[in-house]
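*Asks:* I would like the atomic coordinates for the input below:
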Amino acid sequence: MTLKLGEEYALKLSKLASGSEEIAKKSVYAGAGIVADAVKKNLTALPEERFRRLGKRELFSGLPARQKRDLEESFGITPIQIGGDGYISAKVGFDGYGSNPTKKYPKGVPNQLLARAVESGSSVRQKTPFVRPAVTAVRKKAEAEMGRVVEEEIQKTMKE
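*Replies:* Numbering: from 1, shown residues only. You can find the predicted model right below:
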């Protein structure tokens, strides 16, 4: 009987090892979702401001509604990636171009550029961090959720 239990346990461990990559992917995606939700909430809360010609030493403190909408629509999570170093990751960020073409940006202002200008400030824009505070606020929650997903998947595999 001991031999049978040992074989059964070894089989479950083997099954767990073969599914470890899939478990890690589920875990990373769960953590990225929590971070993305927090960033999206902060993005929605950014102040809106009408586009106008600035006076001397005047800075924009908000975003025109159209640019804010462009950022909200372009925000998301990349597909899960496995790097050459074996790390499994997903990125949370902005993609594409804004809906307002300009002479300098005929496709529209790149959304990544706009998000960075809002986050870090620029020569015409006041610094309004919305990504960094969101990530800092939910880091531990995301890590805990990732751990919970791993534990749940291990328990499922071991019960089968």
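*Asks:* quick one, longest helix in this protein?
*Replies:* helix 132-159 (DSSP state H).
*Asks:* Mind checking the pLDDT average for that one?
*Replies:* On average, the pLDDT along helix 132-159 is 92.
*Asks:* Check which helices and strands it is in contact with.
*Replies:* helix 2-18, helix 20-44 (3 or more CB pairs under 8 Å, 6 or more residues apart in numbering; DSSP states H and E). Where you see a C-beta, it was placed from the backbone N, CA and C, and this is true even at glycine.
*Asks:* Same list (those) but as TSV, adding mean pLDDT.
*Replies:* Listed next are these as TSV, based on pLDDT from 0 to 100:
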stretch	mean pLDDT
helix 2-18	65
helix 20-44	94
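*Asks:* Quickly compare the ones you listed and say which is most buried.
*Replies:* helix 20-44 (a mean of 18; mean count of other CB atoms under 10 Å).
*Asks:* Now the element after that one, going C-ward?
*Replies:* Using DSSP states H and E, the helix or strand that follows helix 20-44 in sequence is helix 65-74.
*Asks:* For the residue nearest in space to the middle of the chain, which non-adjacent residue is closest in space?
*Replies:* Geometric centre of the chain, nearest residue: residue 92, 2.4 Å, by CA atoms, centre = their mean. Excluding the flanking residues, the one nearest residue 92 by CB to CB, 6 or more residues apart in numbering is residue 36, at 4.8 Å.
*Asks:* which residues touch the one you found?
*Replies:* Residue 36 sits next to 75, 76, 77, 92 when contact means CB atoms under 8 Å, 6 or more residues apart in numbering.
*Asks:* ok, residue 118 - how many residues close by?
*Replies:* Residue 118: 24 surrounding residues under other CB atoms under 10 Å.
*Asks:* before we move on, back to that, most neighbours of all the contacts of residue 36, which one?
*Replies:* Using other CB under 10 Å as the neighbour test, the contacts of residue 36 are led by residue 92, with 21 neighbours.
*Asks:* ok, that one touching residue 35?
*Replies:* Yes. Between residue 92 and residue 35 there is a contact under CB atoms under 8 Å: 5.4 Å.
*Asks:* Check the contact lists of those two and give me the overlap.
*Replies:* With CB under 8 Å, 6+ apart applied, the contact sets of residue 92 and residue 35 do not overlap.
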